[in-house]
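**Q** the sequence isn't on hand, but the structure is:
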């Protein structure tokens, strides 16, 4: 990541946060869709992806501080965050603790322990399928792909993801820490900042779409639903998500 001296102050800072045991690698080319208009920042949660040798902090607030510290080496300006699943919990905690640092939140397919029941937040069958793979990291990655994506992956794309998983092996300790931290995270009862849009997907096999709906209803924020995409909405239909994000606040922001 660049230092603050290398930042581009003429462009708004746009932060991308991935979810449970996912890396910035798993955004694919989605962040590149915003390069022209934004200063794109892609931090990595310790324990995941390129930081697989590190130890994942033990709570969502601690994870947030680790990610925030990475972003602050690049920019000290308020940021816009696009976040999926557990990444959206981290973004929510950032907004709760440091609201002055957040310009907008775009939260995708997420949940909060104080607004949804445990079996809604991670479907029981999906949880069992994840736990059953603990003997094989490759089988874990294959299971994740099946649970999180509705569109079929091409052979080359699938091999790329599996190769990445093999070259950046997740530690089981970090996997369970993230599962436990995300399953117990309770968010604020009121929206932590003003500018928030929620997005969910009707085909989500991992988390019931109603979990994101419950947050939007509680916070009194808009919810946009994809008719058939899965949990990994940015990979299932990146064009749809880009259009919706740009149409909610970003277009007005770029006019400022």
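**A** Arrived safely, thanks for sending. Just so we're clear, the structure is a prediction, and the values are computed from it rather than from any experiment.
**Q** wait, is residue 82 part of a strand?
**A** Yes: Residue 82 sits within a strand when classified using DSSP: H, G, I helix; E, B strand; the rest coil.
**Q** beta partners of the nearest residue to it once chain neighbours are set aside?
**A** Using Cβ to Cβ, 6 or more residues apart in numbering and skipping residues adjacent in sequence, the residue nearest residue 82 is residue 106, 4.6 Å away. Glycine gets a C-beta too; all of them are placed from N, C-alpha and C. Residue 106 has these beta-bridge partners by DSSP bridges: residue 82, residue 197.
**Q** hang on, isn't residue 106 packed against residue 83?
**A** Yes: assessed by Cβ atoms under 8 Å, residue 106 is found in contact with residue 83 at 7.2 Å.
**Q** tell me the average confidence for stretch 85-93?
**A** The predicted model assigns stretch 85-93 a mean pLDDT of 98.
**Q** same thing with stretch 12-25?
**A** For stretch 12-25, the mean per-residue pLDDT is 96.
**Q** identify each buried residue in that stretch, please.
**A** 12-25 (16 or more other Cβ atoms under 10 Å).
**Q** please, where are all the helices along the stretch 151-256 of the chain?
**A** Along the stretch 151-256 of the chain, counting by DSSP state H, counting those that start in this stretch, helices occupy 155-167, 172-184, 209-219, 233-236, 238-245, 251-255.
**Q** which residues are contacting the shortest one?
**A** Helix 233-236 has contacts (Cβ atoms under 8 Å, 6 or more residues apart in numbering) with 26-28, 30, 84, 108-109, 148-151, 199, 201, 203, 226, 229-230, 240-241.
**Q** what's the answer for the fifth one, then?
**A** Contacts to helix 238-245, defined as Cβ under 8 Å, 6+ apart, come from residues 28-30, 33-34, 82, 106, 108, 197, 199, 224, 226, 229, 233-234.
**Q** hmm, 10 Å instead?
**A** Helix 238-245 is touched from outside by 14, 27-34, 80, 82, 84, 104, 106, 108, 197, 199, 201, 224, 226-227, 229, 233-235, 237, 250-251, with contacts defined as Cβ atoms under 10 Å, 6 or more residues apart in numbering.
**Q** which among those count as buried?
**A** Buried by 16+ other Cβ under 10 Å: 14, 27, 30-31, 33-34, 80, 82, 84, 104, 106, 108, 197, 199, 201, 224, 226, 229, 233-235, 237, 250, out of the contacts of helix 238-245.
**Q** which stretches of the stretch 1-150 of the chain form strands?
**A** All strands of the stretch 1-150 of the chain, identified by DSSP state E, counting those that start in this stretch, fall at 13-17, 39-41, 79-84, 102-108.
**Q** give me the helices and strands touching the last one, please.
**A** Under the contact criterion of 3 or more Cβ pairs under 10 Å, 6 or more residues apart in numbering; DSSP states H and E, strand 102-108 touches strand 13-17, strand 79-84, helix 86-97, strand 196-201, helix 209-219, strand 223-226, helix 238-245.
**Q** how many residues are close by residue 117?
**A** Using other Cβ atoms under 10 Å, residue 117 has 12 other residues around it.
**Q** do I have it right that it meets residue 183?
**A** No: the pair residue 117 / residue 183 is not scored as a contact, 11.4 Å apart, by Cβ atoms under 10 Å.
**Q** what touches both of the two?
**A** Counting by Cβ under 10 Å, 6+ apart, the residues touching both residue 117 and residue 183 are residue 111.
**Q** for this protein, give me the ranges with low pLDDT.
**A** For the chain, applying pLDDT under 70 flags the ranges 1-9, 119, 121-137, 254-256.
**Q** return the residues in contact with the residue sitting nearest the centre point of it.
**A** Closest to where the C-alpha atoms of the chain average out (Cα atoms, centre = their mean) is residue 84, at 2.4 Å. Residues near residue 84 by Cβ under 10 Å, 6+ apart: 16-20, 22, 26-27, 91, 106-110, 148, 199, 231-235, 241.
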